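Peer 1: Sequence and predicted structure, then a few things I'm wondering about:
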Amino acid sequence: MMDVHSPEQRSFNMSRIKGKDTRPEIMVRRWLWAKGYRYRLHPKHVHGKPDLVFFSSKKAVFINGCFWHMHNCKYFNWPATNSDFWKEKILNNVDRDQMNYQDLNADGWKYSIIWECELKLNFQKTMNTLIDFLKEKQKSSI
């Protein structure tokens, strides 16, 4: 199947895709801020530079795009053009994600992943699940 856009138009479209401050991320941030939750954004010294970090509870939140992180939903399809490039890129993203999650666990962090499709399908339910995650108490090692 051929791309519906010219190579120039496709290149322009792809150049506009951001890694930070995406629409799903902004939606989650605004909602949490309105509920009184305070967080840090993309701290470099935390594995994987999570989108939101709650240092006092050692919790991290990743807001992942379904395409870029290969989520098993209707929003992820393998691109038909330049498929070798995209397969390598997306699989590397997934591998890097797994390594970051393991490193966070090893350092005593808890993390939650919010998928773009979850926000689109049921924003309120997704946010309630996130609030439950944030309210969970860390187990103490006495």
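Peer 2: Great, that's in hand.
Peer 1: next one: the helix ranked longest in the chain to chain centre, how far?
Peer 2: If you go by DSSP state H, the chain has its longest helix at helix 83-106. Centroid displacement of helix 83-106 relative to its chain, using Cα atoms, centre = their mean, to the nearest Å, is 12 Å.
Peer 1: tell me the angle whatever helix or strand comes next after that helix makes with helix 83-106.
Peer 2: Later in the chain than helix 83-106, the nearest helix or strand by DSSP states H and E is strand 110-115. Between strand 110-115 and helix 83-106, the angle comes out at 150 degrees (axes from the mean of the first three to the mean of the last three Cα atoms, to 10 degrees).
Peer 1: Any chance you could give me the helix or strand following strand 110-115 in CSV, C-alpha atoms only?
Peer 2: Next in sequence after strand 110-115, counting helices and strands by DSSP H and E, comes helix 116-121. Extracted as CSV, the C-alpha positions of helix 116-121 are listed here (Å, rounded to 0.1, in the frame of the first residue of the first chain):
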residue,chain,number,x,y,z
GLU,A,116,-3.0,7.3,24.6
CYS,A,117,-5.9,5.0,23.6
GLU,A,118,-7.0,4.7,27.3
LEU,A,119,-7.3,8.4,27.5
LYS,A,120,-9.3,8.6,24.3
LEU,A,121,-11.6,5.8,25.2
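Peer 1: who touches the helix or strand following helix 116-121?
Peer 2: Sequence-wise, the next helix or strand downstream of helix 116-121 (DSSP H and E) is helix 123-135. Here helix 123-135 makes contact (Cβ atoms under 8 Å, 6 or more residues apart in numbering) with 27-28, 31-32, 35, 37, 54, 57, 59, 61, 110, 112, 114, 118-119. C-beta here means a position set from N, CA and C on the backbone, and glycine is covered the same way.
Peer 1: try 6 Å this time
Peer 2: 31, 112, 118-119 (Cβ atoms under 6 Å, 6 or more residues apart in numbering).
Peer 1: what's the farthest-apart pair in those?
Peer 2: Maximum pairwise distance in the contacts of helix 123-135, criterion Cβ to Cβ, is 14.2 Å, between 31 and 112.
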